[in-house]
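J.: please find the sequence and the predicted model below.
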Amino acid sequence: MRQLLYQLIFFILLGIPDGRCLHMVNFFVPEFANRGDKVILECGFSVNDREEELYTVKWYKFDSRGKMSNFYTWTHSNQQPKKHRIEGVKVVMRESNQNFVTLKQMKIGSSGTYKCEVTSKRRNRNPKYFHPNENPPRFNVIEEEAKLQVVELAREPPEIQGGRGNYFYGDDLNLNCTSKPTYPPTTLTWFINDNRVGNSLIEDDLLYKDDDLYVTISFLRISVQPNLFRAGEIKVRCVAEITEEPIKASMLPDKKEFKLYQVKLPEAMKLSTQTIFDVPLFGDGCTNKLTKFILVIILFLNFMF
């Protein structure tokens with residue numbers, strides 16, 4: 001009797017519709033992508049074919065203001081996916097289906113939150129007695145989302161400009177260091193013989209370039225003095241690193257202030273490059289005057305004879 005009761009309960013539960021038939025199996029959105037790369041978004045799910053059928057698969061992107069836009073739709077009725085144009089998202093249709101969507105030519109503006117939404121429609125058990133007004137179709141919806149950040153890292157070291165062929169004690173050393181266009185912006189740090197230069201001797205500027213990239217320029221102003229030399233030389237280094245701090249750009253083309261939000265990079269993507277400038281010293285102040293006098297005498301004698 002007890003066994004018969006268990007069997008009865010089992011068949012009753014088996015006949016109850018399972019609202020969780022549709023479920024997500026694999027969902028993947030890369031956390032970071034390099035500018036210009038191709039990325040693959042994955043939305044793997046499972047549908048109970050006995051209870052339901054796949055209805056639609058849709059991909060959305062949220063912009064920085066939180067606005068959600070649909071850029072890809074796969075419909076079971078015709079199985080012909082459609083793409084919808086939105087800024088920064090380029091879908092490769094021949095490499096996309098109900099489980100995978102391929103995006104190409106990623107830009108900084110492609111960054112944002114991506115969401116996959118899967119909808120299934122419950123099958124009608126008794127189509128002979130189905131009345132749309134009395135038995136509307138029941139839908140199950142699952143969704144998942146993740147953030148993707150596109151970056152442009154420096155592939156070359158910064159460039160130091162402004163150096164002369166020789167210096168004398170008391171001369172002003174005026175150098176500027178320029179980073180390559182990057183996102184997030186680059187932080188430039190000056191070192192003289194491995195000693196970090198204080199902020200009072202440095203002036204930085206952040207320039208906005210095309211495709212949301214930034215160029216950092218740092219100016220170094222210092223007087224050449226004997227105490228700066230180590231082992232008879234001065235080595236000036238400009239080190240470029242990707243910053244992880246929010247930065248305000250001075251001015252954008254629309255003449256409005258713009259704030260860059262914090263971007264945390266994984267350790268594997270953090271790069272540091274540098275350029276070294278050796279200060280060529282010709283002599284001190286007295287030697288400078290004597291040298292110039294001797295050169296004048298030599299030129300005069302060559303002219304006379």
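T.: All right, it came through fine. Remember, predicted model here, so these are calculated numbers, not experimental data.

J.: next up, the contacts around Ile202.
T.: By Cβ atoms under 8 Å, 6 or more residues apart in numbering, Ile202 lies in contact with 190, 218-221. C-beta: built from backbone N, CA, C; applies to glycine.

J.: at 7 Å what do you get?
T.: Applying Cβ atoms under 7 Å, 6 or more residues apart in numbering to Ile202 gives the contacts 190, 218-220.

J.: burial check on Asp210, number of neighbours?
T.: 6 (other Cβ atoms under 10 Å).

J.: measure it to Phe168 for me?
T.: 42 Å (Cβ to Cβ, to the nearest Å).

J.: re earlier: quick check: of the contacts of Ile202, which lies closest to Ile86?
T.: Ser218 (37.0 Å; Cβ to Cβ).

J.: okay, the residue nearest to Cys21 when sequence neighbours are not counted: pLDDT?
T.: Take Cys21 and drop its neighbours on the chain: the residue closest to it by Cβ to Cβ, 6 or more residues apart in numbering is Asn48, 3.7 Å away. For Asn48, the pLDDT comes out at 81.

J.: you'd agree Asn48 is up against His23?
T.: No: with contact defined as Cβ atoms under 7 Å, Asn48 does not count as touching His23 (9.1 Å).

J.: looking at these two, which is more packed in?
T.: Asn48 (17 against 12).

J.: and the more buried one, its phi and psi?
T.: Backbone torsions of Asn48, given as degrees, to the nearest 10, read phi -80, psi 100.

J.: separation between it and Thr56?
T.: For Asn48, the distance to Thr56 equals 17 Å [Cβ to Cβ].

J.: you'd agree Gly165 is in a strand?
T.: No: counting by DSSP: H, G, I helix; E, B strand; the rest coil, one finds Gly165 to be coil, located in no strand.

J.: please name the residues that touch it.
T.: Taking Cβ under 7 Å, 6+ apart, one finds Pro280 in contact with Gly165.

J.: for it, report the pLDDT, please.
T.: pLDDT at Gly165 comes out at 77.

J.: the one 4 residues further on too?
T.: Confidence at Tyr169, expressed as pLDDT, is 84.

J.: isn't it up against Val224?
T.: Yes: counting by Cβ under 7 Å, Tyr169 touches Val224, with 6.0 Å between them.

J.: wasn't Arg94 part of a strand?
T.: No: looking at Arg94 with three-state DSSP, it is helix, so not inside a strand.

J.: per-residue pLDDT, it?
T.: Note for Arg94: predicted pLDDT of 94.

J.: sweet, I'm off.
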